[in-house]
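Asks: Pasting a predicted model and its sequence here:
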Amino acid sequence: MSEYRVFETRQFQRDLREIARAGAGRIEEKLRRAVYPQLRRCPHFGPGIRKLRGYEPDTRRVRIGSWRFFHQVDDERRIVFMIAAAHRGSAY
């Protein structure tokens, strides 16, 4: 079975820049080193991954400390779309 590809939307990239400006640049490193490999293998389940209720289309989030990273999965094309990132206080 082939791996999923991870695609970052423009909004997600803007959010990452804001996180870096907030002094949490190490979060981006952990995202790319630990989270992306997990999402490539199995984007539906894993450490810190939860399905959000009431979101259409289906949306999941990955938690890294106080930060939340939101993604949607296209199983047919095997793509994970990273759509947004936010601090937990303003994420929901």
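Replies: Thanks, I have the structure now.
Asks: from here on, contacts and neighbour counts on C-alpha atoms
Replies: Will do.
Asks: low-confidence ranges in the protein?
Replies: Scanning the chain for pLDDT under 70 picks out 1, 91-92.
Asks: can you do 80?
Replies: Flagging of the chain using pLDDT under 80 yields the residue ranges 1, 22-25, 89-92.
Asks: where along it do the strands fall?
Replies: 5-8, 49-51, 60-64, 67-74, 79-87 (DSSP state E).
Asks: closest to residue 31 out of these?
Replies: Among these, the nearest to residue 31 by Cα to Cα is strand 60-64 (7.9 Å).
Asks: how big is the angle separating that closest one from strand 79-87?
Replies: 50 degrees (axes from the mean of the first three to the mean of the last three Cα atoms, to 10 degrees).
Asks: if we can go back for a sec, mind checking which of the strands of the chain is nearest residue 21?
Replies: Taking Cα to Cα, strand 79-87 is the member of the strands of the chain nearest to residue 21, at 12.8 Å.
Asks: Would you point out which residue is most central in this structure?
Replies: Nearest to the geometric centre of the chain sits residue 69, at 3.7 Å (Cα atoms, centre = their mean).
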